[in-house]
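J.: sequence? don't have it. structure:
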């Protein structure tokens with residue numbers, strides 16, 4: 001009898017992190033990226049809806065603003081919104097360089113470190129950890145740190161807008 005109570009308590013405790021994680025995944029908005037070389041954005045949540053945009057840019061960051069079954073209402077870096085299947089999206093974080101002029105990539109997350117590259121607006125890369133206004137950024141293996149203010153896809157998804 002004691003063995004069954006112990007087993008039941010263990011199963012309940014083991015299920016708690018799973019349910020917390022599932023609840024977290026239901027929260028919108030959240031960041032995602034396009035996970036394929038060709039992705040259709042539709043005007044509604046279904047294959048019968050007209051295609052509004054065809055994306056041909058893997059890792060393009062998008063903001064998920066609503067969920068409906070396997071469909072996600074996304075917002076792209078230009079502010080366009082439409083529906084995309086969840087299978088075309090990844091939770092891997094990415095970002096796109098925004099703003100005027102070239103963004104500078106540094107060896108460390110501080111302006112006093114060595115500048116490695118200058119990156120044009122529109123360049124997409126994989127996003128790492130962001131701290132103190134700097135984000136780790138990887139553009140096709142070229143790794144460094146870029147100011148968070150120059151990246152769309154970094155920071156809290158509720159607050160960020162494309163400039």
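T.: Structure's in. What do you need? Small disclaimer: the values here were computed from a predicted structure and weren't measured.

J.: Adjacent strands (with direction) for the host helix or strand of residue 52?
T.: Assigned by DSSP states H and E, residue 52 falls within strand 51-55. According to DSSP bridges, strand 51-55 has the following sheet partners: strand 39-42 (antiparallel).

J.: Could you pull out the buried residues of the strand it pairs with?
T.: 39, 40, 41, 42 (16 or more other C-beta atoms under 10 Å). To be clear about C-beta, it is placed using only N, CA and C from the backbone, and glycine gets the same treatment.

J.: between those, which is nearest residue 139?
T.: Taking C-beta to C-beta as the measure, residue 39 is the one of the buried residues of strand 39-42 closest to residue 139, at 20.4 Å.

J.: Surely the closest one touches residue 82?
T.: No - between residue 39 and residue 82 there is no contact under C-beta atoms under 8 Å: 10.5 Å.

J.: Next up, phi/psi of residue 104, please.
T.: phi -100, psi 140 (degrees, to the nearest 10).

J.: what are the bridge partners for it, then?
T.: residue 118.

J.: who's in contact with the one helix or strand residue 127 maps to?
T.: Following DSSP H and E, one finds residue 127 within strand 124-131. Strand 124-131 is contacted from outside by 57, 59-61, 92-97, 109, 135-140, 148, 151, 153-155, using C-beta atoms under 8 Å, 6 or more residues apart in numbering.

J.: helix or strand right after it?
T.: Next helix or strand after strand 124-131 toward the C-terminus (DSSP H and E): strand 134-139.

J.: And what about residue 92, helix, strand or coil?
T.: coil (DSSP: H, G, I helix; E, B strand; the rest coil).

J.: how many neighbours does the closest residue to it other than its chain neighbours have?
T.: With C-beta to C-beta, 6 or more residues apart in numbering as the criterion, residue 92 has its nearest non-adjacent residue at 5.6 Å, and that residue is residue 33. A count of nearby residues for residue 33, using other C-beta atoms under 10 Å, gives 22.

J.: Then residue 86?
T.: Burial of residue 86 is recorded as 14 neighbouring residues (other C-beta under 10 Å).

J.: what about the nearest residue to it once chain neighbours are set aside, distance to residue 38?
T.: Closest residue in space to residue 86, ignoring its immediate chain neighbours: residue 70 at 5.0 Å, by C-beta to C-beta, 6+ apart. Between residue 70 and residue 38 the computed distance is 18 Å (C-beta to C-beta, to the nearest Å).

J.: again, but for residue 83
T.: 16 Å.

J.: Among these two, which residue is more densely surrounded?
T.: Taking other C-beta under 10 Å, residue 83 and residue 38 do not tie; residue 83 has more neighbours (19 against 11).
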